[in-house]
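1. Next one to model:
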Amino acid sequence: MQGKTVLITGASRGIGAEAGRVFAEAGANVCLAARSTEATESLAADIGARAVAVSCDVGRYADVAAAVQTCVDRFGGLDVLINNAGVIEPISHLATADPEGWGQAVDINLKGVFHGMRAVLPVMMAAGGGSILTVSSGAAHSPIEAWSHYCSSKAGAAMLTACADKEAREQGIRAIGLSPGTVATQMQREIKSSGINPVSRLNWEDHIPADWPARTLLWMCSSDADEFIGTEISLRDETIRRRVGLL
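-> Residues are numbered from 1 along each chain as shown. Next up is the predicted model:
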């Protein structure tokens, strides 16, 4: 990753922040994008000159396009997009769901992924290729009580990965999804407090640390992950954990 440039959405905490650290340690330039920049500015200061923090609401295409332009202007290009920004709130059954909140979750979890792809594809294809890595979920493939917004938006994001592969693999685009399983992040605290479904009743020690998916995302940029282009990788798979070096 030496000299490569990575744009990470949702980089203020959890998987996104860990990815910022992991990719910077591997030698990459990192653009840390989040709605609130207080945490990302602090992280960028810790990393140094190879990091920049940008204010970005992935639900707004103009924000994402501006973040991509920052990468080009600051570092000369963009090699990897990590579509990580996502929300689980508002957790609610369909019959009582707030339509506005449901739609806002789709704006971030689904439209945010589209906005990222739309903004980076012309830049990457002009440069001869790049990697688009999207943090998915097992919820993309199985219904979970009170998570209709999350399951639906993650399913759509998984399809976007397949569409990007269908349209742009021949232009050097490596589109891959990552289903990390349950991760010890603030999102899991929000899930825990809901108490609605079996996921909310898991013990904290059941969740993997946030650096595991971050390190997996780094591995996904290597040729060792090429067999998964156009599909999703499950971090629940022990074989994958071993290939990444987590076990």
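2. Is it correct that S234 is in contact with A158?
-> No: counting by Cβ atoms under 8 Å, S234 stays clear of A158, with 11.8 Å between them. Placement of C-beta: from N, CA and C, glycine included.
3. Next up, the contacts around the residue nearest the centre of the chain.
-> Per Cα atoms, centre = their mean, the C-alpha nearest to the average position across the chain is that of N84, at 1.8 Å. Going by Cβ atoms under 8 Å, 6 or more residues apart in numbering, N84 touches 8-11, 15-16, 19, 135.
4. make it 6 Å
-> Applying Cβ atoms under 6 Å, 6 or more residues apart in numbering to N84 gives the contacts 8-10, 15-16, 135.
5. One more: R50?
-> Neighbouring residues of R50 by Cβ under 6 Å, 6+ apart: 24, 29.
6. buried stuff in the helix or strand hosting G156?
-> In the assignment (DSSP states H and E), G156 maps to helix 148-168. Buried residues in helix 148-168, counted by 16 or more other Cβ atoms under 10 Å: 148-158, 160-161, 164-165, 168.
7. need the next SSE after it, C-terminal direction.
-> strand 173-179.
8. What about the closest residue to K154 other than its chain neighbours, how many residues nearby?
-> Counting by Cβ to Cβ, 6 or more residues apart in numbering, A140 is the residue found nearest to K154 once chain neighbours are left out, at 3.9 Å. A140 sits with 21 neighbouring residues when counted by other Cβ atoms under 10 Å.
9. Kindly report the same for the one 3 residues further on.
-> Using other Cβ under 10 Å, P143 is surrounded by 10 other residues.
10. my read is it is in a strand, agree?
-> No: counting by DSSP: H, G, I helix; E, B strand; the rest coil, P143 is not found in a strand; it is coil.
11. give the contact list for it.
-> Listed by Cβ under 6 Å, 6+ apart, the contact set of P143 reads C151.
12. tell me the pLDDT at it?
-> Per-residue confidence (pLDDT) for P143: 94.
13. if we can go back for a sec, show me the contacts for the residue nearest to K154.
-> Contacts for A140 were tallied using Cβ under 6 Å, 6+ apart; they are 154-155, 158.
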